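Trainee: sharing a model that was predicted from the sequence below.
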Amino acid sequence: MEYLVITFIGSLFLIYSLTIRQLERTEITGPMFFVIGGIALAWFIPEEVEQLKNGGAYILPLIELTLSLFLFTDATKTKLSVLKHSYQYPSLLLFVALPLTLLLGIGTALFLFAELTLIQAALLAIILTPTDAALSKGLLESTQVPENIR
């Protein structure tokens, strides 16, 4: 049963490796590809997934490794030489936009869901605040955008 899941994940790695050039031309990132693969796995063999929930703790490191590989590969493509002289935009995003988004998220959560505590509203805001660079991957890799903005 768990071998089927491991085989499926391995097949997803193979398919992703073979089609990475075609996927780069679309808006599908690595994390999106594997989320879609996970949904397909749960759809086609739900009994296997249910058994993994109950006793598949040993496969959890494989799943975490897969997630970390694809979430942090975009960060490795950062050109440090460009970042040294164009640090203003990332600094604004990190030190101004991110805290403002968190505060607005907390306020919105408290307004919409009056029964939430401050901690619960903060957790909701943290979950919903986008921090993944994959969201701006199209902008960062587009040759139509000036290099200093990229």
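Mentor: Cool, got the structure. For clarity, every value in this text was computed on a predicted model and none was experimentally measured.
Trainee: and this protein, what are its domains?
Mentor: For the chain, the structural domains run 2-76, 80-141, going by automatic domain parsing.
Trainee: out of those, flag the one nearest Glu147.
Mentor: domain 80-141 (7.0 Å; Cβ to Cβ). All C-beta atoms are positioned from the backbone trio N, CA, C, and that covers glycine.
Trainee: average model confidence for that closest one?
Mentor: Summarised as a single mean, pLDDT over domain 80-141 is 80.
Trainee: one more: stretch 13-33?
Mentor: pLDDT averaged over stretch 13-33 gives 82.
Trainee: flag every buried residue along the helix or strand hosting Gly10.
Mentor: Per DSSP states H and E, Gly10 falls inside helix 2-25. Buried residues in helix 2-25, counted by 16 or more other Cβ atoms under 10 Å: 5, 8-9, 12, 16, 23.
Trainee: centre of the chain to that helix, how far?
Mentor: From the chain centre to the centre of helix 2-25 is a distance of 17 Å (Cα atoms, centre = their mean, to the nearest Å).
Trainee: again with stretch 115-123
Mentor: Stretch 115-123 has its C-alpha centroid displaced from the chain centroid by 23 Å (Cα atoms, centre = their mean).
Trainee: one more: stretch 90-100?
Mentor: Remark: stretch 90-100 is offset 19 Å from the chain centroid, using Cα atoms, centre = their mean.
Trainee: follow-up on the earlier one: make CSV out of the domains of the chain and add distance to Glu147.
Mentor: Converted to CSV, the domains of the chain look like this (distance: least, Cβ to Cβ, whole Å):
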stretch, distance to Glu147
domain 2-76, 18
domain 80-141, 7
